[in-house]
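Chemist: only geometry, no sequence info:
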């Protein structure tokens, strides 16, 4: 059994950040769960374009409000506590924090911890990132 | 892109419950993400023995306080907002709600939605449950 705490993990290299967001990776590929689990904070007012070409991601909003725009359709979905979205088609999207958003995120395949967002908004596939 | 809301899903058959707990399955096997994602509520004072022999599960505490006892070691871990535990060894455990616990849970392989907890505290493997 693995037990970790967000506030402790935030003080370690499990926390990664870039403009507009930070993410604390509570489970990574080497934990052997077959998925990774991250608590991600999007800054109020941030607007971020992502496209996880090599991963499926689900996101659950714990707190805050914002929106996600599906760039394939132009549709904008409100995000509020209790909203879940799942990028089952590796959907290219814009994630916007109205207020600060705190999100619980699952990735399959699991993130290794070495990825950075590439210029195209994706993470590298696991075999390139490891 | 799949978008669902906890409060809406709670009014549908995505909500399952038994003594001491209820769970709203926001993602199931047929969503094709490779994991399932559930918001589970443990009642205050409930004490539940589980052993997911056929699944890996991670749990993140959104709100409430309680504890998890690892039945292999007897160790008891406090659960509070920000605690994450992962049953990477299909660990048999007792989950106790001190106050009501709201938990974000990921299962691999994904739950199909047809499982019930069996007498041994497990879910059936996916090929039996489907």
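Modeler: Right, received. Where do you want to start? Fair warning: this is a prediction, and the values are worked out from it, not measured in the lab.
Chemist: so where's chain A uncertain?
Modeler: A:116-119, A:121, A:126-130 (pLDDT under 70).
Chemist: switch the cut-off to 80
Modeler: Along chain A, the model assigns pLDDT under 80 to residues A:114-130.
Chemist: residues in it within reach of chain B, list them.
Modeler: By C-beta under 8 Å from any C-beta of the partner chain, the part of chain A that sits against chain B consists of A:1-7, A:26-27, A:31-35, A:37, A:39, A:56, A:58, A:60, A:62, A:68, A:70, A:72, A:77, A:82-89, A:91, A:93, A:104, A:106, A:108. C-beta coordinates here come from the backbone N, C-alpha and C atoms, glycine included.
Chemist: mind listing what the residue positioned nearest the centre of chain A touches?
Modeler: In chain A, the centroid-proximal residue (C-alpha atoms, centre = their mean) is residue A:105; its distance is 5.2 Å. Residue A:105 makes contact with A:23, A:37-40, A:57-60, according to C-beta atoms under 8 Å, 6 or more residues apart in numbering or on different chains.
Chemist: what strands line up against the helix or strand containing it, and which way round?
Modeler: Per DSSP states H and E, residue A:105 falls inside strand A:101-108. Neighbouring strands of strand A:101-108 in its sheet, by DSSP bridges, are strand A:36-42 (antiparallel), strand A:56-63 (antiparallel).
Chemist: quick one: secondary structure of residue A:30?
Modeler: helix (DSSP: H, G, I helix; E, B strand; the rest coil).
Chemist: so what's the backbone phi/psi at the closest residue to it other than its chain neighbours?
Modeler: Using C-beta to C-beta, 6 or more residues apart in numbering or on different chains and skipping the chain neighbours, the partner closest in space to residue A:30 is residue A:112 (7.4 Å). Taking degrees, to the nearest 10, you get phi -80, psi -20 for the backbone angles of residue A:112.
Chemist: which stretches of chain A form strands?
Modeler: Here chain A has its strands, by DSSP state E, at A:2-5, A:15-18, A:21-27, A:36-42, A:47-50, A:56-63, A:66-70, A:76-79, A:83-86, A:93-97, A:101-108.
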